[in-house]
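Sequence plus the predicted model coming up.
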Amino acid sequence: EDKEEDESKEEDNGSQQKRASRRKNYQRKTRDGKKAREEGSQKKDRGKTAPTKDQKESENKEKKTTKRGKEGENKQKKDRKNSTSSASSNSSDEESLSEEELAMLKEQVEQKKKLISTMRNKPWRMVKKLSVLREAQDFVEKFEGALGKGKGKKLYAYKMMMAKKWVKFKRDFENFKTQCIPWEMKIKEVESHFGSSVASYFIFLRWMYGVNLVLFGLIFGLVIIPEVLMGMPYGSMPRKTVPRAEQATAMDFSVLWDFEGYIKYSALFYGYYNNQRTIGWLKYRLPMAYFMVGISVFGYSLMVVIRSMARNANESTADGDDDNFIFSWKMFTSWDYLIGNPETADNKFASITTSFKESIVDEQESNKDENIHLRRFLRVLANVLIICCLCGSGYLIYFVVKRSQTFSKMQNVGWYERNEVEIVMSLLGMFCPPLFETIAALENYHPRIGLKWQLGRIFALFLGNLYTFLLALMDDVNEKLAEEDVVKNITHWTLLGHHNSSAGNDSTVTPPPLDPADVPRGPCWETTVGIEFVRLTVSDILVTYITILVGDFIRACFVRFVNYCWCWDLEAGFPSYAEFDISGNVLGLIFNQGMIWMGSFYAPGLVGINVLRLLTSMYFQCWAVMSSNVPHERVFKASKSNNFYMGLLLLILFLSLLPVAYTIMSLPPSFDCGPFSGKKRMYDVIQETIELDFPLFVAKIFSYVANPGLIIPAILLMVLAIYYLNAVSEAYQRANAELKKKMQMQREEEKNKRNNKASSNPMLQDLEDLLTPSTKTESTPKQAEDKKIESPNGTSPVRKPGRGEVLDGSPMAGGRGAAFTRPSQVFVTQPRTLGVRAPYPGQPRPWGHPLGPVPGRGRGQPCY
Amino acid sequence: GAMGGSVSFIPQDLLGEYQELTFLSKQEILLAYKRFSELLPKEERENACSARVPKSHILTLPELRANPFQHRICRVFSTSETGDDSMSFEDFLDMLSVFSDSANSDIKSQYAFRIFDFDDDGTLGRNDLEQLVNCLTGQGEESQLSSADMEQLIQNILEESDIDRDGTINLSEFQHVVSRSPDFASSFKIVL
């Protein structure tokens, strides 16, 4: 038995070969009867003994050096004797391998496998884990081939092999995936300096970058590139040409900077796209693709956000809402082990001390309520002030947008008048959050809760601003739509007049076509909307970067260098260094994303700009944070705020879906620009595709499905389903709470009971096992283990395979160790005469392959 | 290619076993190996697997430098027989595995308990808690708690967590408390 085990420790192919030979043996055995079998096993034995011997020697040596010395050798010999005798005595049992035993063996193999897969969860030292793992692997390797019969056996072996391969593949794939995650080191560095809350912003930024890359791929791959490659070239039709009046200045930087001129008539914007149903030799349905991509941008984003929210929610099992353990949590979980910067650590020490003192004071003075009244008053006051700010900023934006509409009708307006909206919005976004923060100081919340309030308030500010902006924009669009009707007639008549005039001339000469630059154009409101969003995004990027540069970097330089010759301490006193503004940055990112979602339908190039922005942001902000910011005074952990960010993102996604859906569903597309020109509504493109490209019955089915009589019941059904699921989840929650309570009670009871008994708990035994080695000399866990096994069993190597489990007291082993020794002899078919002790020197090895331990494998000498 | 150099020093199958036995990915193990061998003097780097790094060198790692429990961490994870808290590569891996992002909070809490158990007696007694508080409040004179505050604090903690009222917190009591904490698993983490 021992021998078998040693042998399977060898090289994989070696053991495979052996298994094959064993199988051969088995088959031959069943065919030829006893004699042949004996011969076969003899041969096999000869092949086996030599390497076994080697390995044993090396193992012996190892054991000797680590612990036992002489005794070990003797012991080993005894073991060997024992094993051979027991093996031979048991070899007669092999035929009586019943179904039950097989099932049992299978179960044991499964158990071992489970042990292998959960080994990393055990609080053992590596040495012990390694040895147990190897044992378990050997066991599995040895016996899994034995399971199943005849054909089933082969299939089983194959299945096992595939499973092993699959596990390996999965592991490699995981490794690959983690290797692909960018900026891991950068974020880690930030994390060690500023704690996890600041790092959570960068993780969020990275996630956002990933999402935007996918959106970018969708839009570029399916819309922009096909149009550029296969669509009509630039200048071939009016919508792709700069109008005559604008041509002179179309290349000026000031014009380009406003996204007019050549940029306005490029593939970056909606207006460039042609309404040709199919383009190129691929017969690519571009309008259809445009529409579907526009929808799937939202679909994909929704899916990703919700999925990651669900995952985050799953991960945070403990909900932390019970406040039974305030002090204990402060004590046991308040240190952030990621902090690697002494300065941050000092801040953390200070904040922990304060929080200890605070909670002690709170505990002592929890009965005093005059403070509470004051605090409540202050909180209400703060909220009133902030609501005033919000209303004011909303009105300001509305005012400015209205004014800009009058400006836009005038000629020769200055740079400021043209960019007033963007400037005002950026200024509001810059100055309101610090104002809120100042006001929030009145409230005196825990920084983590304070962060959420701050986030919520800035969110409201940005949202108000955005929606005021949208409303004003909508007014603009409606004006453009009215204007369009007029232009449509003019265009019609111009084209007609051109034809008539040319027809009136000499009829033999074909009339020179009207130059596309001369055709009168409609205002193309879609492009206007797209341009607005792009400009907003770009100005947002600039303002963010300039704020960082001035507010953080220049300030840090000033404080650092002027401090030498200033009358007070700049570093500790007034300006000091800036802290990293988590809430502002996160919300900036979220709103930027909202703008991208809203704008990407009318400006497909916007996502490209955003990808660039996020990429530069990552490097720029990482640099800025490391070079010019100081850690927060009260360093706090990010906890579950990630899901809070995600919730805000989801809200913004929904809110940005609304205006886009509204314009798609209810506004007519421009008549002379964009992929949907000439249609009544944008979504008509779907109907058209279904009618023209699909068989008739699909159209029929579609018309049935689109029938309100079917849609309303469907919606009703969904509402009912939501109601039902909600009720179910509530019930589960209640049951959960109930169970929690029960568990708590049970635990307390158990603890009271256990207090009387000695530590019979397996967990405690593990602990003891861990506690011993570091203090006492020469007692590695392995040895402790061996000692334990020797004392009760004396010399019983038969137990070896089960040893790991029995000793570890892992609950699933449950004392089965003894049970699985018997089946292990099933395939040991050695006759008594050929003991292990006879090495047979000089005998040719029938399998010719050196079965000794293969050099370079290093198994024999694990590095402890 | 990307994993030349250092990979040749850890045998492939051992690397596989390490992946099986720890919560670390291949890259993390290789990185750990690199960092570990950098702590060794030049002549020992050849066989970093069998060498031990003295505690003073381990503590120069930025990941441990600012940690108030650095000495305890070394003590807990070291298998040194002489009690000098030196670490072998496998000890190092054990440590990183427990502190890794993907380790579950169960094993994290077991080791946290051992780290907080300053006198190695298997329970967190008053002395342990006192030392723990001192570690958390830092070395500075002004940040230390007064003895009355300390007494009050420890009293409160024992009231909350010591369910069986024996005056100490044992492992299961500790795990009970910590497993409910929303941010234990996310903060008990060291990444190389």
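Perfect, I can see it now.

Tell me who's in contact with residue 177.
Since you didn't name a chain, this refers to chain A. Contacts for residue A:177 were tallied using CB atoms under 8 Å, 6 or more residues apart in numbering or on different chains; there are none. Every C-beta, even on glycine, is put in place using the N, C-alpha and C of the backbone.

my bad, the chain I had in mind was chain B
So residue B:177 contacts A:325, A:328, A:329, A:332, B:160, B:161, B:169 (CB under 8 Å, 6+ apart).

now do 10 Å
For residue B:177, the contact set (CB atoms under 10 Å, 6 or more residues apart in numbering or on different chains) comprises A:324-325, A:327-329, A:331-333, B:109, B:157, B:160-163, B:169, B:184.

what helix or strand does the spatially closest residue to residue A:591 that is not a sequence neighbour sit in?
Nearest residue to residue A:591, sequence neighbours excluded (CB to CB, 6 or more residues apart in numbering or on different chains): residue A:462, at 4.7 Å. Using DSSP states H and E, residue A:462 maps to helix A:447-504.

What of residue A:562?
helix A:555-562.

give me the number of residues near residue A:304?
18 (other CB atoms under 10 Å in any protein chain shown).

any idea how far chain B is from it?
21 Å (CB to the nearest CB, to the nearest Å).

touching chain B at all, the helix or strand harbouring residue A:354?
Remark: residue A:354 resides in helix A:342-364, with elements defined by DSSP H and E. Yes - with CB under 10 Å from any CB of the partner chain as the criterion, chain B is reached by helix A:342-364 at A:342-350, A:352-357, A:359-361, A:363-364.

Show the contacting residues for the closest residue to residue B:55 other than its chain neighbours.
Distances taken as CB to CB, 6+ apart place residue B:85 nearest to residue B:55, at 4.2 Å, with adjacent residues excluded. Contacts for residue B:85 (CB under 10 Å, 6+ apart) come out as A:774, B:52, B:54-56, B:58-59, B:71-79, B:91.

what angle sits between the helix holding residue A:354 and helix A:447-504?
120 degrees (axes from the mean of the first three to the mean of the last three CA atoms, to 10 degrees).

The residues of helix A:342-364 next to chain B, buried ones only, as a PyMOL selection?
To isolate the buried ones among the residues of helix A:342-364 next to chain B in PyMOL, judged by 16 or more other CB atoms under 10 Å in any protein chain shown, type:
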select buried, chain A and resi 344+345+346+347+348+349+350+352+353+355+356+357+359+360
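
Break the chain down into its domains, please.
Since you didn't name a chain, this refers to chain A. Domain ranges of chain A: A:184-370+A:444-500+A:515-675, A:707-759, per the TED database.

You answered for a different chain; I wanted chain B.
If you go by the TED database, chain B breaks into B:12-99, B:105-188.

So what's the gap between the shortest one and the chain middle?
Looking back up the chat, that one is domain B:105-188. In terms of CA atoms, centre = their mean, to the nearest Å, the gap separating the centre of domain B:105-188 from the centre of its chain is 15 Å.

what's the first-to-last distance across that domain?
Separation of the first and last residues of domain B:105-188 by CA to CA, to the nearest Å is 9 Å.

same question, stretch A:409-425
For stretch A:409-425, the end-to-end distance is 21 Å (CA to CA).

re earlier: next structured bit after the helix holding residue A:354?
helix A:370-409.

avg pLDDT for that next one?
Throughout helix A:370-409, pLDDT has a mean value of 83.

Kindly calculate the angle that that helix makes with helix A:447-504.
Using the same axes, to 10 degrees, helix A:370-409 lies at 10 degrees relative to helix A:447-504.

so where's chain B uncertain?
Within chain B, the ranges that satisfy pLDDT under 70 run B:1-9, B:140-143.

for the residue most central in space within chain B, what are its contacts?
Of all residues in chain B, the one closest to the mean position by CA atoms, centre = their mean is residue B:73, 3.9 Å from it. By CB under 10 Å, 6+ apart, the residues touching residue B:73 are A:337, B:58-59, B:63-64, B:67, B:85, B:87, B:95, B:98-99, B:111, B:114-115, B:190.

give me that answer again for 7 Å
B:64, B:67, B:95, B:115 (CB atoms under 7 Å, 6 or more residues apart in numbering or on different chains).

and these, which are buried?
Of the contacts of residue B:73, these count as buried by 16+ other CB under 10 Å: B:64, B:67, B:95, B:115.

Separate out the buried members of the contacts of residue B:85.
A:774, B:52, B:55, B:58, B:71-79, B:91.

Next, give me the two most distant ones among those.
B:52 and B:72 (18.6 Å; CB to CB).

was I right about residue A:452 contacting residue A:644?
Yes - the pair residue A:452 / residue A:644 is scored as a contact, 6.3 Å apart, by CB atoms under 7 Å.

And these two? Which one has more around it.
residue A:644 (18 against 15).

For that one, give its distance to chain B.
For residue A:644, the distance to chain B (CB to the nearest CB) stands at 13 Å.
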